[in-house]
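Engineer: I would like to see how this sequence folds:
(one chain, ligands or ions: 2)
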Amino acid sequence: MEDEECPALVPIAAGGSEGPDPGRRIPVTIITGYLGAGKTTLLNYILTEQHSKKIAVILNEFGEGSALEKSLAISQGGELYEEWLELRNGCLCCSVKDNGVKAIENLMKRRGKFDYILLETTGLADPGAVASMFWVDSELGSDIYLDGIISVVDAKHGLQHLTEEKPEGLVNEASRQVALADLIIINKTDLVSGEELNKVRTSVRVDLSNVLDLHAFDSLSGISLQKKLEHVKTTQAHLDKGIMTVTFEVLGDIKEENLNLFIQNLLWEKNVKDKTGHAMDVIRLKGLVSIQGKSHQVIVQGVHELYDLEETAVEWKEDEKRTNRLVLIGRHLDKEIIKEVFIATVTEKHGNS
Ligand SMILES: Nc1nc2c(ncn2[C@@H]2O[C@H](COP(=O)(O)OP(=O)(O)OP(=O)(O)O)[C@@H](O)[C@H]2O)c(=O)[nH]1
Ligand SMILES: [Zn+2]
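Structural biologist: Numbering: from 1, shown residues only. Ligands and ions are numbered 1, 2, ... in the order given. The predicted structure follows:
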């Protein structure tokens with residue numbers, strides 16, 4: 001417990017023999033936002049545009065999806081990434097001390113190789129808890145500093161996320177992400193009308209002031225961030241327990257029309273049910289699939305009822321088993337049932353391969 005040593009968000013370097021060298025400290029930008037809001041898209045955009053900086057990427061993936069998330073991002077971004085870190089525990093905010101800090105320390109051993117860190121949190125993360133690790137640990141603080149928190153808001157589904165009711169008067173994840181942001185990016189403006197966009201814009205503002213009033217945060221300036229973080233740590237803000245991740249893999253090729261059928265049953269018809277008869281509610285769908293007649297891997301991306309299939313630049317190698325990997329995040333999901341439905345819908349019924 002060395003609380004007194006580390007209250008500063010950006011600690012002043014202790015004057016060692018080498019002297020302070022602020023230029024050597026690595027800025028961290030936290031990219032937050034609800035499931036599917038567009039965090040990875042923004043990440044890829046930054047990496048594509050920013051040629052002069054060598055950027056390390058940290059993904060904090062919800063559930064077991066990190067291997068897939070990584071392969072999705074690589075397929076999209078090519079050779080752009082300098083460093084990869086996987087935080088497998090899923091929830092960075094409750095593993096900050098061990099997993100998160102250690103991973104970043106290891107990353108720092110190689111820090112000569114890069115000069116910026118982008119940290120994408122899971123769509124359900126509390127960015128305050130993630131941010132706090134950059135000032136709680138003084139050891140880390142001397143080499144890394146928090147540059148800012150960016151929150152990506154989905155123009156199409158953002159309102160739904162921001163107004164979601166939580167039990168016991170808890171503030172929902174989306175609102176927390178907005179409230180702690182230094183910069184809010186409203187994304188997917190192409191999917192909504194000007195009127196809808198204005199609603200989102202207003203609600204982001206209104207929501208912010210609600211959260212501020214509720215917790216009596218005085219301002220958004222640097223000093224109060226610390227207070228906000230302290231507050232966040234003491235309220236038992238945590239991942240929505242009702243939201244779960246299902247990951248599965250099925251070998252083989254699938255017909256594109258069958259895959260569409262599977263997804264549409266799940267996302268549109270909502271006729272895939274769990275054991276209690278409750279329709280499965282998929283918030284986020286990601287996959288890497290093998291479609292009959294296509295030589296390249298195909299990415300499946302879904303956010304609520306919207307989805308698309310996109311052929312990647314990655315070719316299936318000849319000695320490689322063609323396979324389908326899916327990650328689903330949502331409510332009332334049952335892995336065995338979904339997998340069965342997938343196999344039944346998607347694979348040929350005859351033969352036993
Ligand atoms: N129409 C539209 N789609 C977008 C836009 N930005 C991102 N998307 C799509 O939204 C989906 C989710 O994007 P990601 O960048 O993976 O979202 P994310 O926030 O990283 O998702 P998670 O990490 O799973 O929470 C993908 O299918 C993107 O192609 C946009 O500006 N317009
Ligand atoms: Zn992502």
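Engineer: and residue 165, what does it touch?
Structural biologist: By Cβ atoms under 8 Å, 6 or more residues apart in numbering, the contact set of residue 165 is residue 172. Backbone N, C-alpha and C define where each C-beta goes, glycine included.
Engineer: got it, and residue 301?
Structural biologist: Residues near residue 301 by Cβ under 8 Å, 6+ apart: 36, 285, 286, 307, 308, 310.
Engineer: now with 6 Å, please.
Structural biologist: Neighbouring residues of residue 301 by Cβ atoms under 6 Å, 6 or more residues apart in numbering: residue 308.
Engineer: pLDDT score for it?
Structural biologist: We have a pLDDT of 91 for residue 301.
Engineer: what does the stretch 1-150 of the chain have sitting close to ligand 2?
Structural biologist: 39, 40 (Cβ under 5 Å from the ion).
Engineer: show me what from the stretch 1-150 of the chain comes close to ligand 1.
Structural biologist: By Cβ under 6 Å from any ligand atom, the residues of the stretch 1-150 of the chain that approach ligand 1 are 33, 35, 36, 37, 38, 39, 40, 41, 123.
Engineer: quick check: the second one touching residue 123?
Structural biologist: To tie it back to what came earlier, the one meant is residue 35. Yes - between residue 35 and residue 123 a contact is recorded at 3.2 Å, counting by Cβ atoms under 6 Å.
Engineer: please convert the residues of the stretch 1-150 of the chain next to ligand 1 to a markdown table, extending it with neighbour count and secondary structure.
Structural biologist: Listed next are those as a markdown table, based on neighbours: other Cβ atoms under 10 Å; DSSP: H, G, I helix; E, B strand; the rest coil:
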| residue | neighbour count | secondary structure |
| --- | --- | --- |
| 33 | 30 | strand |
| 35 | 22 | coil |
| 36 | 26 | coil |
| 37 | 29 | coil |
| 38 | 21 | coil |
| 39 | 24 | helix |
| 40 | 22 | helix |
| 41 | 16 | helix |
| 123 | 25 | coil |
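Engineer: between those, which sits nearest ligand 2?
Structural biologist: residue 40 (3.3 Å; Cβ to the ion).
Engineer: residue 286 versus that closest one, what's the distance?
Structural biologist: Residue 40 sits at a distance of 10 Å from residue 286 (criterion: Cβ to Cβ, to the nearest Å).
Engineer: ok, residue 180 next?
Structural biologist: On the measure of Cβ to Cβ, residue 180 and residue 286 end up 25 Å apart.
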